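>>> Could you work out the structure for the sequence below:
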Amino acid sequence: RSHHGIHPESIMSIVWSARRAYLAGDYERSLEYLGVALHYVQDKCVVWARRGLRKVHNKVEGAALSLELPVKAIREGFERAECSPVFVKSILYSIKPSTDPVEALRNACYYSALVAGAVYNPSKPSRDLLEKYEEAKAVATMWRRIRRYLASALAIVFCELLILHPHLLAIYFIAVLFSLPLLFYSGVDPRLREELAWYGLE
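The predicted structure follows:
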């Protein structure tokens, strides 16, 4: 599979694998996933090797090999890293390819440090996030009960209509169609679910 111009969402899924392995204490596997993700991140910093630009891409990469590592950019990346999947995703979408070896190397090191720092950030969930976690658990419990009651009610109504009023089943299925969002709704904001999952609070 080509790794040039890979979509940020694809990289993010690998970053998630690295983070989950890290939380599980499987540091070797976590490093493997992170290594793959950072390879994609670094390659995105160089002009894409397609549409006749392969020679330029290879030339930029070759020139970057002879440059000194920008330690300051690496340090800056780790200092600015935030322990958040939303932060990582925003970084992945902000990467722009360059034809300048110096800029490409600097960005590759900086963005790699940002992502690695976010994955291996030792900070614990903030008090605000923990409070939202407790609220989310209560809301999720309430919605589980609502879904159970709704599913039971739909089943009872279906049986009654099937026996007594089969001609109304079409209306019933339309009502079920409109009820599907409620049956699958967890009551928790997806962004909050992501933040909680980043800390293993699911």
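>>> Just list the residues touching residue 8, thanks.
By Cβ atoms under 8 Å, 6 or more residues apart in numbering, the residues touching residue 8 are 89, 92, 93, 95. Backbone N, C-alpha and C define where each C-beta goes, glycine included.
>>> no wait, residue 114
77, 78, 80, 81, 88, 91.
>>> Do you have the helices of this structure handy? List them.
All helices of the chain, identified by DSSP state H, fall at 8-23, 27-44, 54-65, 71-80, 85-94, 101-119, 127-164, 169-184, 190-198.
>>> by contact count, what packs against the fifth one?
Right, helix 85-94. Counting contacts by 3 or more Cβ pairs under 8 Å, 6 or more residues apart in numbering; DSSP states H and E, helix 85-94 packs against helix 8-23, helix 101-119, helix 190-198.
>>> Could you export those as TSV, including mean pLDDT?
Listed next are these as TSV, based on pLDDT from 0 to 100:
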stretch	mean pLDDT
helix 8-23	96
helix 101-119	96
helix 190-198	85
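>>> Please identify the most buried of these.
helix 101-119 (a mean of 22; mean count of other Cβ atoms under 10 Å).
>>> what angle sits between it and helix 71-80?
30 degrees (axes from the mean of the first three to the mean of the last three Cα atoms, to 10 degrees).
>>> what angle sits between helix 101-119 and helix 190-198?
80 degrees.
>>> ok now helix 101-119, how far from the chain's centre?
18 Å (Cα atoms, centre = their mean, to the nearest Å).
>>> got it, and stretch 142-162?
34 Å.
>>> Buried ones in it, by neighbour count?
Judged by neighbour count using 16 or more other Cβ atoms under 10 Å, the buried positions of stretch 142-162 are 143, 147, 161.
>>> still on that earlier bit, rebuild the helices and strands packed on helix 85-94 as TSV, extending it with distance to residue 168.
Supplementary listing: the helices and strands packed on helix 85-94 in TSV, determined by distance: least, Cβ to Cβ, whole Å:
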stretch	distance to residue 168
helix 8-23	44
helix 101-119	54
helix 190-198	36
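>>> Quick check: which of these is nearest to residue 58?
For residue 58, the closest of the helices and strands packed on helix 85-94 is helix 101-119, at 11.5 Å, according to Cβ to Cβ.
>>> ends of stretch 89-106, how far apart?
20 Å (Cα to Cα, to the nearest Å).
>>> what about burial for the contacts of residue 114, which qualify?
Applying 16+ other Cβ under 10 Å to the contacts of residue 114 flags 77, 78, 81, 88, 91 as buried.
>>> Let me know the closest of those residues to residue 190.
Distances from residue 190 to these, taken by Cβ to Cβ, are shortest for residue 88, at 15.7 Å.
>>> And the residue of the chain most remote from its centre, how close does it get to residue 158?
Most distant from the centre of the chain: residue 164, at 49.2 Å, with distances by Cα atoms, centre = their mean. Look at residue 164 and residue 158: by Cβ to Cβ, to the nearest Å, they are 11 Å apart.
>>> Now stretch 137-157 - C-alpha only, CSV.
C-alpha atoms of stretch 137-157 as CSV (Å, rounded to 0.1, in the frame of the first residue of the first chain):
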residue,chain,number,x,y,z
LYS,A,137,-21.7,7.1,33.0
ALA,A,138,-25.0,8.3,34.6
VAL,A,139,-26.4,9.5,31.3
ALA,A,140,-25.3,6.2,29.5
THR,A,141,-27.1,4.2,32.2
MET,A,142,-30.3,6.2,31.8
TRP,A,143,-30.2,5.8,28.0
ARG,A,144,-29.6,2.0,28.3
ARG,A,145,-32.8,1.9,30.4
ILE,A,146,-34.7,4.0,27.8
ARG,A,147,-33.5,1.8,25.0
ARG,A,148,-34.6,-1.3,26.8
TYR,A,149,-38.1,0.1,27.5
LEU,A,150,-38.4,1.3,23.9
ALA,A,151,-37.3,-2.0,22.5
SER,A,152,-39.8,-3.8,24.8
ALA,A,153,-42.6,-1.5,23.8
LEU,A,154,-41.9,-1.9,20.1
ALA,A,155,-41.9,-5.7,20.5
ILE,A,156,-45.2,-5.6,22.3
VAL,A,157,-46.8,-3.3,19.8
